[in-house]
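J.: following is a predicted model, sequence given first.
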Amino acid sequence: MNQEDLKKFVKPYRETIQVGEPGRDKRGRVIKDQSQWVFFDRSTIEKLLGMTDANKGGIKVYFGQYNRENLYLVPQDRRDREQYIGKISVALSAANEEQNGIFDVFLSSEGQRSGGNSIENAGNLCPPNCKPPTEINL
């Protein structure tokens, strides 16, 4: 995922769910069974952490939402890709805490841009990938 993809990913979330409007599925119907969790494998997380400062680095989590315009971000080999439309998900970005705030590795406070792929969003989303189902009694 690059910076432009990140913008396309967070825009639908910020325009709907963040302001209280529910997500909509591929047919435009309100989603009643919204995302429960997203799983990222260890190698993805370690790759991102490896791009950050050993003492002040971490991972910034961006909330986003899939729609028809950014569905290409869901890997082609995922079953039921269209079930992702309208679902909330997250993108992970390698980031460092600096004096002026927390900056993504792709753009530091000095304006230095990284050429590396420091953003990931190909986590497994539940639903539709809820195996085994998670029962958490809250």
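T.: Here it is on my side, so go on.
J.: may I see the buried residues of the longest helix that the chain contains?
T.: In the chain, with assignment by DSSP state H, the single longest helix is helix 3-15. Neighbour-count burial for helix 3-15 flags 5-6, 8-10, 12-13 (criterion: 16 or more other CB atoms under 10 Å). Any C-beta I mention is one placed from the backbone N, CA and C, and that applies to glycine too.
J.: from these, which single one is nearest residue 49?
T.: Ranked by distance to residue 49 (CB to CB), the buried residues of helix 3-15 are led by residue 6 at 18.4 Å.
J.: on that earlier part again, packing partners for the longest helix of the chain?
T.: strand 57-65, strand 88-98, strand 119-120 (3 or more CB pairs under 8 Å, 6 or more residues apart in numbering; DSSP states H and E).
J.: for the longest one, name the packing helices and strands.
T.: Packed against strand 88-98 by the contact rule (3+ CB pairs under 8 Å, 6+ apart) you find helix 3-15, helix 42-49, strand 57-65, strand 101-104, strand 119-120.
J.: now with 10 Å, please.
T.: helix 3-15, strand 37-39, helix 42-49, strand 57-65, strand 101-104, strand 119-120, strand 124-126 (3 or more CB pairs under 10 Å, 6 or more residues apart in numbering; DSSP states H and E).
J.: excluding covalently adjacent residues, which one is nearest to residue 37?
T.: In space, and not counting its chain neighbours, residue 37 is closest to residue 126: 5.2 Å by CB to CB, 6 or more residues apart in numbering.
J.: you'd agree that neighbour is up against residue 80?
T.: No: using CB atoms under 10 Å, residue 126 is not in contact with residue 80; the gap is 11.8 Å.
J.: these two: which has the busier surroundings?
T.: The neighbour comparison of residue 126 against residue 80 (other CB atoms under 10 Å) goes to residue 126, with 17 against 10.
J.: sketch out the low-pLDDT regions of the protein for me.
T.: 107-116, 133-138 (pLDDT under 70).
J.: recalculate using a threshold of 90.
T.: For the chain, the stretches with pLDDT under 90 are 1-6, 13, 15-26, 31-37, 75, 77-81, 98-100, 105-138.
J.: turn the buried residues of helix 3-15 into JSON lines, including distance to residue 41.
T.: Converted to JSON lines, these look like this (distance: CB to CB, whole Å):
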{"residue": "5", "distance to residue 41": "20"}
{"residue": "6", "distance to residue 41": "20"}
{"residue": "8", "distance to residue 41": "24"}
{"residue": "9", "distance to residue 41": "19"}
{"residue": "10", "distance to residue 41": "22"}
{"residue": "12", "distance to residue 41": "25"}
{"residue": "13", "distance to residue 41": "23"}
